[in-house]
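In: Sequence and predicted structure are below.
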Amino acid sequence: MVAAGAALIDVVAVRAGRRAAAWRREVADALATRPVDDVWMLTGAALAVVVGLWLVVLALTPGLRRLMPMRSPAKVRAQLDRGSAAVLLRDAALRVPGVRTARIRMGRHRIRARVDVHFRAPQQVKTDLTAALGDERDRLALSHPPRIAVRVRQRSLR
């Protein structure tokens, strides 16, 4: 990392009209004079290939973005799937009186709830729903509990 930063600074300095650093001129001369089948050249090339392949593998692996870490009193690492958490929160939302349908999207930093109300005042439902979702979120015991954003709309039966 430091070598890459130093090389970048030197390249910028050369582009600005200054001479290349001594170490960079020596490396360029050594690379220009060594034959391609030299042991050091082959070792450096093999190392560059291994690092490049490792970076490609890391770029293509999905990671753990779908999992949310949970609090644990012991040294145990527990994680909860976002989809499962959204289903639990949707069930809690549907238990609130007046909620007809509920759609929950679970993000890393925010829980987005969109609810249709059919027989109560939307503001009352929003208050009850925010409380119910907060209780359920706390029951999930997430290490970084997301904020709750609720959108309520009145829908009439047709």
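Out: Arrived safely.
In: For the chain, just list every one of the strands.
Out: Along the chain, counting by DSSP state E, strands occupy 67-69, 79-81, 99-106, 110-117, 147-154.
In: quick one, which of these is packed in tightest?
Out: strand 110-117 (a mean of 19; mean count of other C-beta atoms under 10 Å). Placement of C-beta: from N, CA and C, glycine included.
In: list the buried ones in stretch 36-52?
Out: Within stretch 36-52, no residue qualifies as buried by neighbour count (16 or more other C-beta atoms under 10 Å).
In: what's the average pLDDT for that stretch?
Out: Here stretch 36-52 scores 93 as its mean pLDDT.
In: what do you get for stretch 74-86?
Out: 89.
In: same check, this time on stretch 135-154
Out: Stretch 135-154 comes out at a mean pLDDT of 94.
In: measure it end to end?
Out: 24 Å (C-alpha to C-alpha, to the nearest Å).
In: so how far is that stretch off the chain centroid?
Out: Distance, stretch centre to chain centre, for stretch 135-154: 19 Å (C-alpha atoms, centre = their mean, to the nearest Å).
In: Equivalent analysis for stretch 14-21, please.
Out: The answer for stretch 14-21 is 39 Å, by C-alpha atoms, centre = their mean.
In: And for stretch 55-68?
Out: 9 Å.
In: Go ahead and name everything in contact with it.
Out: 79, 80, 81, 82, 83, 85, 106, 108, 142, 143, 144 (C-beta atoms under 8 Å, 6 or more residues apart in numbering).
In: Quick check, central residue of this protein?
Out: What sits nearest the mean C-alpha location of the chain, by C-alpha atoms, centre = their mean, is residue 65, with 5.2 Å.
In: so what pLDDT did it get?
Out: At residue 65, pLDDT is 79.
In: Ok, the one 5 residues further on next?
Out: On the pLDDT scale, residue 70 is placed at 89.
In: Residue 158 now?
Out: Reported pLDDT for residue 158: 57.
In: Dump stretch 17-26 to PDB, restricted to CA.
Out: Coordinates of each C-alpha in stretch 17-26 appear next as PDB, following Å, rounded to 0.1, in the frame of the first residue of the first chain:
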ATOM      1  CA  GLY A  17       7.400  18.200 -15.000                       C
ATOM      2  CA  ARG A  18       9.800  17.000 -12.400                       C
ATOM      3  CA  ARG A  19      12.300  14.100 -12.800                       C
ATOM      4  CA  ALA A  20      11.500  10.600 -11.700                       C
ATOM      5  CA  ALA A  21      12.700   9.500  -8.300                       C
ATOM      6  CA  ALA A  22      16.000   7.700  -8.100                       C
ATOM      7  CA  TRP A  23      14.400   4.500  -6.900                       C
ATOM      8  CA  ARG A  24      12.000   4.400  -9.700                       C
ATOM      9  CA  ARG A  25      14.700   5.000 -12.300                       C
ATOM     10  CA  GLU A  26      16.700   2.100 -10.800                       C
END
